[in-house]
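Peer 1: Predicted model and sequence follow; I will ask about them next.
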Amino acid sequence: MSAREIESIDLENRSRRNNLRIDGLKESPGESWDDCEKEVKKFFNNQLKISKEVVVERAHRIGQKKDNKPRTIVLKLLNFHDKNKILNSLTHLKGTGIYINEDFAQKTIEHRRKLWGEVKKLRNEDSCFNYKTIDDFQRSTAFKIAPYDPSACDRPFSADWYRFTSGAGGKIPTINPPPYSCGVKYPVWLNGEEPSAVGEIKSIQACVVVDENPCAKKINVKVKKCLQINEEYFVYYLKALPGCPMRYCAGTKKKCGPEESSATGFEPCSSSFPKIDKDPVVTVGVKDKRVSFSCKFNTVKESNARYEVTWFQGPVEKQIKGPEIFTNEQNEAFLQNTNKYGENETFCLGYNIYCKLRSYYVGNENLKSRERKSNEFFAGFQVNPKTLDLSEKDKPQKVSITSTVPIVCGDGTENCFVSIELGQDNEDSFLNICDLHFKPGQAGQTQEVEVVAKRDFVDDGNQRMFLKIFVPDQLDALDWNCHKKISDVEIKTSDVRTSRCHSSGDPHITTFDRFYHDHYYVGDYVLVESKSRKFRVHARTFAWGSVAGNCGVAAQEGDDVIVIDMCRDNVPRARFASTVEPQHGTILTRDNNGKYFMIKFPSGAYVKFDTDGFFANIEIQVPSDDFQNTEGLCGTFDNNPNNDLKPKGGQEKATYQDFQNSWKLTSAESLFYFEGGPRKCTATRAKTYCICYEPLNGSQRKVECNFEGYVDRPKYESENKGWKTLEFFGAEHCGRRKRRSMDDNVVILPDDGNTGIYDYNPVQVSGRVPNFPTKSGITESIAKGVCKDKIRNSIIGRTCIDFIGPSFVTDSYEQQCVIDIQVTDNEVVSIESAVNNLMRACEELTLRNLSFWMTADGKVAGPPTKIAESLCPNECNGNGACHNGTCVCYAGFITGDCSMKEGQPPILFGTPVFCDIRSQDCIRTRLIGKDFIDSSSLSCKMTEVKVSEVPYKKTIKAFINKGQLLSFAEISCLLPTVPVNIEYSSNKPGKPVGGYAISVSNNNQNFSDNETLFLVYDSKCMECTNKDIKSCKWKKLTSGFSCFREKRFNAAEWATDTSCLLILRRWCDLPVGSNSYPSYMVKSRIYMLLIKSHMDLLEPPCP
């Protein structure tokens, strides 16, 4: 550095000689230079206890604000004396986080930092600065024990430099003490002279006193004389002593007794001060709309007695107020903040608040009693527990946050609250809330946060996270504007396995524990039922030759029951059997082909139903909650496949036939017969759970809450591509969706009433698999060959074998395929079912095992893209290429699985049933047919018909509404209006029957050649026993019948002849007791639907 540079730096330092730098002092929003100067003066007065005589010329902040931290203040004082006065008061800043330093030129600061680093290095090497301290008054030669008292020992003692710092004295004695001195039977002393020069190190012999022998055992000890800040002291290099009870002595003074005192706490002691019989007690309350702490103490009735109270906060002791002096007539001291927002406070919350009390007599101020310390009162938010151990199958656990002090609002802010923000450092757990608000009230308010381990459905091992608890600035509840950082809650989550059960083909069941068995019988059966919660899945099977096949599934979680049934007419009909609005996490979806359905529940459980129109495959996934808690045909789910054939009731030594029969259901037990009762819009709700991200680098806080409980199931992106949600038919009435809306991604199901319930009691099959060859001549050898070739060489088969490796075997899927060919005599259907099952198993394995998610550099990226690219429905039926999990159809083919030829118009077969307006809303109809395309152009053309004559007549005007695909064999049409009217009166004659002739188009232009009739009727007037219009007939009128308005006559008395039906068009007000009858005049004759007898329309005049 040149001489000119040195001179320049020197001049700059001289110009700054009266400057100071203050770091850590709170900065108010929009703070001006004047505000800054006032804040500094107040800080000097309150914190450093310096009067206003210190003159501040100016004070301002420098630099840019970062991470909401206060900027540095540069302060210029009037003179050097004021600067020294401040620097001599820095002991008051201990533990405050505020630092004051001299202000030098930047070069000087850098040079000082470098020099200080060298000094610290040297000090670390010098035992006068680098030593361990021992503060133990019981090492004093004046501290004696009785022979029967417990004795200390320095046997477990690490060799190092030590300094004794007790008020009893800091030197090992050089005169031998008697036995039982220093709190030990065999005390140790130094037999020699200490070094006399500072820095000198001397080796001295230490002696162990044993009985009358002052030096029974000898040990070498090094002693060094030190000097620091005008204080001389010794440090000792000590080693472990050879036996017990032996101990190094230190000091010679005796500690003052409980009723004695001295300046040091050691002799000489005195008891000439007012006696304090009890420790003071700290409590909390409210005073002048601020939190106020009280320190109460007992006094003596002596007028010259004085009491000194000082307030502290801990755990690291910091004096925050006092000492204050009280007379014998005052026995209570108060601690209270008086600051405004942005000003320094007397105390901060989040610490232990306590007071210390001393007494003395007037005129004898130098002789005070020993300090009596109060209870430590924790003031602020208390969190319990500090750690949580959660399993992925545990119910949510609670963390309670309690305010130990009152919540108080200032004037004009009576509705204030104190807020708490919660944050997480990872996503392995969910919280039920991210913000808490404590309203004004007494101390002891408690709020709880639910914490639950995430059901992630992956094998990711045990995890560890921390729940962060923040207390942000409070503008109105000022006492809460300063709160110590709350310690994090440690949350440990233990991984619990999840699993899937498969029932496929005729049907072959693979249990949760991977046990394989066949279920060849027809009826309704329990696939799985949870013993720990309200969850069950039932399957319905139909006769398939001598064995069975899946044709329906019904699932329940909580109040929600969903049925998918194709056992009646081979049309997979999905419906909500429950009549309460489903929980938000209960979702029913279908793919864009209408062949694949998925029921998802808030717990993370799901049911998949995959059909080709002949039979179905069923897949069930259960969350970790059900581990060791399942029963049914899917087994016990306890990682033990050997006990999966456990019959209902746990019967021992049951046969396989007993096992299957035990899980067969009666109509009273089966979910297929479930009737939900009155419709309502409330259900048992799954709670909302959140991930509360903590803000990073000043970014905005991010909160994600959802209604799917605490589930985060991994999936491939292609899983729900093009899928539609099948919405609860009452959703539009419950406010979840605007009435009659037709969202492109949502299909509102028709109201089926109880029409989906029917008697199902098929004749039981033998359960024997037919022998090879099949009727068409397929031999077992041919079946094995074609199954092996088609499965292993399928797109998904090749991909999974190559990606997963030798551990992924296809033997079980080939075996299933062979048996299905043996039963069905159909290679295509059997191979398709087996390949789909292989795809689901590969999907499950690669989603659950995180080792498949790893990239080349060892990072967890996500589910493997190689598998995702091969997850195409039905291998695109050979009519397209699988690209990124989506079928790209060849020319001439369409739909999501390329199964339909382009240009095929839809064909209609009819409606499942007519619609009874008394039990259904009849806003939408189901139409059965084939060759439907799931597109925005799917349309329904509806023409209202009159059914007053045979055959029915169409009106002139036709309506075209959007159609929606329900399944590959069924669509829904939204009616323009409901074609009946059940309001019967003289002004509203009502309309008990009506309907529409409906045709369908895939492109909104070319409609189907055939039409089908959708009939709506009033079951109080008419009876329709099936979907054939010829079955409908009028009911016999009875007393109170609602088709006709009752006033002052009995309808049954007016029409007792069922061969002649009278429609009354006039009502008369007759006097009470009148026997007059109206006269009749036939006006016209009409013919009603399928009723051979005629109907006369009569308009009798009133008498």
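Peer 2: Arrived safely. In this text, all values refer to a predicted model and were calculated from it rather than measured experimentally.
Peer 1: chain center to the helix or strand where R21 lies, what's the gap?
Peer 2: Using DSSP states H and E, the element containing R21 is strand 19-23. Per CA atoms, centre = their mean, to the nearest Å, the displacement of strand 19-23 from the mean C-alpha position of its chain is 47 Å.
Peer 1: now the next helix or strand after that strand and strand 19-23, what's the angle there?
Peer 2: Next helix or strand after strand 19-23 toward the C-terminus (DSSP H and E): helix 33-46. Relative orientation of helix 33-46 and strand 19-23, computed by axes from the mean of the first three to the mean of the last three CA atoms, to 10 degrees: 90 degrees.
Peer 1: what does helix 33-46 contact?
Peer 2: Residues external to helix 33-46 that are found in contact with it (CB atoms under 8 Å, 6 or more residues apart in numbering): 22, 25-26, 28, 31, 50-52, 54, 56, 58-61, 73, 75, 86, 98, 342-344, 346. Glycine gets a C-beta too; all of them are placed from N, C-alpha and C.
Peer 1: Among those residues, which are located in helices?
Peer 2: I86 (DSSP state H).
Peer 1: Buried subset of the contacts of helix 33-46 as a PyMOL selection?
Peer 2: The following PyMOL line selects those of the contacts of helix 33-46 that are buried, judged by 16 or more other CB atoms under 10 Å:
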select buried, resi 22+25+31+50+54+56+59+60+61+73+75+86+98+342+343+344+346
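Peer 1: just the helices in the chain please.
Peer 2: 3-15, 33-46, 80-87, 106-125, 656-662, 780-792, 795-804, 811-824, 827-848, 865-868, 1051-1054.
Peer 1: Considering those helices, which stretch scores lowest in mean pLDDT?
Peer 2: Mean pLDDT is lowest for helix 1051-1054 among these, at a mean of 34.
Peer 1: what's the strand holding R21 in contact with?
Peer 2: By CB under 8 Å, 6+ apart, the list of residues contacting strand 19-23 from outside reads 40, 43, 70, 72-77, 83, 86-87, 98-103.
Peer 1: how close does the closest residue to I204 other than its chain neighbours get to Y186?
Peer 2: Leaving aside its chain neighbours, I204 sits nearest to G192 (4.0 Å; criterion: CB to CB, 6 or more residues apart in numbering). For G192, the distance to Y186 equals 19 Å [CB to CB, to the nearest Å].
Peer 1: residues contacting the spatially most central residue of the chain?
Peer 2: Nearest residue to the geometric centre of the chain (CA atoms, centre = their mean): F430, 2.2 Å. Going by CB under 8 Å, 6+ apart, F430 touches V451, V452, K454, Y689, C690, I691, Y710.
Peer 1: what about 6 Å?
Peer 2: By CB atoms under 6 Å, 6 or more residues apart in numbering, the residues touching F430 are V452, K454, Y689, Y710.
Peer 1: Quick check: the second one vs P396, distance?
Peer 2: Here the distance between K454 and P396 works out to 11 Å (CB to CB).
Peer 1: what does the third one give?
Peer 2: Here the criterion is CB to CB. By it, Y689 lies 8 Å from P396.
Peer 1: the more surrounded of the two?
Peer 2: Under the criterion of other CB atoms under 10 Å, the comparison of Y689 against P396 puts Y689 first, with 24 against 19.
Peer 1: my guess is the more buried one meets V711, correct?
Peer 2: No: using CB atoms under 6 Å, Y689 is not in contact with V711, being 8.8 Å away.
Peer 1: before we move on, the earlier item: which one of G192 and Y186 has more residues nearby?
Peer 2: Neighbour count, other CB under 10 Å: between G192 and Y186, Y186 has more, with 23 against 14.
Peer 1: count of neighbours near the nearest residue to that one once chain neighbours are set aside?
Peer 2: Using CB to CB, 6+ apart and skipping residues adjacent in sequence, the residue nearest Y186 is M246, 4.6 Å away. By other CB under 10 Å, the residues close to M246 number 26.
Peer 1: so how far is I757 from S919?
Peer 2: On the measure of CB to CB, S919 and I757 end up 12 Å apart.
Peer 1: Neighbour count for the two, which is higher?
Peer 2: Between S919 and I757, counted using other CB under 10 Å, I757 has the larger neighbour count: 17 against 13.
Peer 1: Sounds good, over and out.
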